[in-house]
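> Need a 3D model of the sequence below.
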Amino acid sequence: MANLSSSRVDSPRAQNCFNSRLPILALHVTTDKSEGCTIVNAKNDHFRSTPRLCERSLEVVCLTPRLNMKTLFEKRADRVTWSRGRLNVEIQQEVMKTKITIAGISALAALASFNLIAQPRYSDWSEPLNLGPVINTGFNDQHPALSKDGLSLYLTSNRPGGYGADDIWVSHRASLDDPWGPPQNLGPTINTGAVEFSPAFSRDGHWLFFHSDRPGGFGGLDIWVSYREHVHDDFAWELPINLGPGVNTAFDDGGPTLFEDEDTGVTTLIFTSNRPGVAGAADIFTALMNPDGSFGPSAVVPELSSPGRDTRTAIRHDGLEIIFQSDRTGSVGSGDLWVSTRATTLEPWSTPVNVGPTVNTIYFEGAPALSSDGETLIFYSNRPGGFGANDLYMSTRHKLRDHDESGAETVSKESELHSSLGPASCPKVTRPDPDSAKKGKRR
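Predicted structure coming up:
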């Protein structure tokens, strides 16, 4: 549910709503003692207000861009009706013996796109391709992560040359058109004599999450995080810190994925755990980031969890699609990739469906990673035809396009809205030289 702020216009809570760039519902306020006024905060970063900003106490409602307003008001209003294209909301309150009636000023067409943004439509996933002998070895090469610019590929491997049982390695390419180079070990700051596994980035590239059974944890596998100042320097990670008891337990907690909701400003850690009370061998959990940067408490995601083993997630950057590994009923092999969607980030996930036989086989497929534009999927499999026990594979898809009456191909409205949230294509991108770039302030 979205947060509702009831406060004076000039109060810190109302100002926070403005500063967070969330839309404010345009309200007309009348009392039995005086006329009212209107406040408008337009969507995104374009703030506007009417010339007659109200200075008296009234209701301020922060809306997230994908919030269904009618549902929101039904939970707190005395009356919700539609009349002549207007959403009318009446809230009767006694405030200093003054009866207040609040009514929506219009059908809110300006915000309609926030409530009706459709799922972008994609083609089917292509036949997976093995990433080849430069990336894959005769050992286990698995659990990938792609940087936002698509020029760094992190992976977990037990190949020779590491520091422990499993280490995190990185491969580079100069542009999206170039091949991947030989993987390099991230070094002893990240890797230890223990297990380091399942790397995942924050969207800004400053933070690296992974799980490990190194000393200093709470037991079993724990989730750790490391910071770097320069997002293009893959060997500048600082000493990792444990995420703490809001996430980690005496059991196995791992497979982290970070989702930063651009609509609400809420950051969510998605991970898996076999702690007591799970429905199966492992379930999918979430923990919200607190104001101080910590995470927790944790809660299971029931619509994604099953009596089987549900692990390692990859979420599309808009938060409306999640792919994960599961051996639940309906799997083709010992482990398959499954997918679930949702209409908004405020709603529960749909019933997961198998990604299908193009990607899944009778063998094991797991640990999906999505590119920033959601059009490239990298995962590992032990299917025949590889170079070792587990190899990394890549599958691609593209956004579907509609055709206008003349037959010309045009991007659908849904795709335009989705594309505005992030990169939707793969232009030739080259990485800047970290030595020549200016360092920004640490966040």
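> How many residues are close by residue 274?
Under the neighbour criterion other CB atoms under 10 Å, residue 274 is assigned a count of 18. (Glycine included, C-beta is placed from N, CA and C.)
> try residue 177
Here the number of neighbours of residue 177 (other CB under 10 Å) works out to 11.
> Now do the SS call for it.
Per DSSP: H, G, I helix; E, B strand; the rest coil, the local secondary structure of residue 177 is coil.
> where's it relative to residue 197, distance?
Taking CB to CB, to the nearest Å as the measure, residue 177 falls 30 Å from residue 197.
> Likewise for residue 351?
Here the criterion is CB to CB. By it, residue 351 lies 29 Å from residue 197.
> Next: residue 170.
Where residue 197 is concerned, residue 170 sits at a distance of 14 Å (CB to CB).
> just residue 399 next, same as before
32 Å.
> And stretch 341-358, what's buried?
Of all the residues in stretch 341-358, those buried under the rule 16 or more other CB atoms under 10 Å are 342, 343, 344, 345, 346, 349, 352, 354, 355.
> Of those residues, which is the nearest to residue 314?
When the buried residues of stretch 341-358 are compared for distance to residue 314 (CB to CB), residue 355 comes out closest, at 11.2 Å.
> With the flanking residues excluded, which residue is spatially nearest to that closest one?
Nearest in space to residue 355, with sequence neighbours left out and distances taken as CB to CB, 6 or more residues apart in numbering, is residue 337 at 4.3 Å.
> What does the pLDDT read for residue 367?
Taken from the predicted model, the pLDDT recorded for residue 367 is 98.
> so which helix or strand takes in it?
Residue 367 is part of strand 365-370, with elements assigned from DSSP states H and E.
> And the strands in the stretch 201-350 of the chain?
Using DSSP state E, counting those that start in this stretch, the strands assigned to the stretch 201-350 of the chain run over residues 207-212, 222-227, 241-242, 253-260, 267-273, 283-289, 295-300, 310-315, 321-326, 336-341.
> quick check: angle from the fifth one to strand 283-289?
This points to strand 267-273. Taking axes from the mean of the first three to the mean of the last three CA atoms, to 10 degrees, strand 267-273 and strand 283-289 form an angle of 150 degrees between their directions.
> In strand 267-273, which residues are buried?
Neighbour-count burial for strand 267-273, counted by 16+ other CB under 10 Å, picks out 267, 268, 269, 270, 271, 272, 273.
> and the angle from that strand to strand 321-326?
Using the same axes, to 10 degrees: strand 267-273 against strand 321-326 is 20 degrees.
> quick one, strand 267-273 and strand 222-227 angle?
Following the same axes, to 10 degrees, one obtains 140 degrees for the angle between strand 267-273 and strand 222-227.
> Return the list of helices and strands in contact with strand 267-273.
Judged by 3 or more CB pairs under 8 Å, 6 or more residues apart in numbering; DSSP states H and E, the packing partners of strand 267-273 are strand 253-260, strand 283-289, strand 295-300, strand 310-315.
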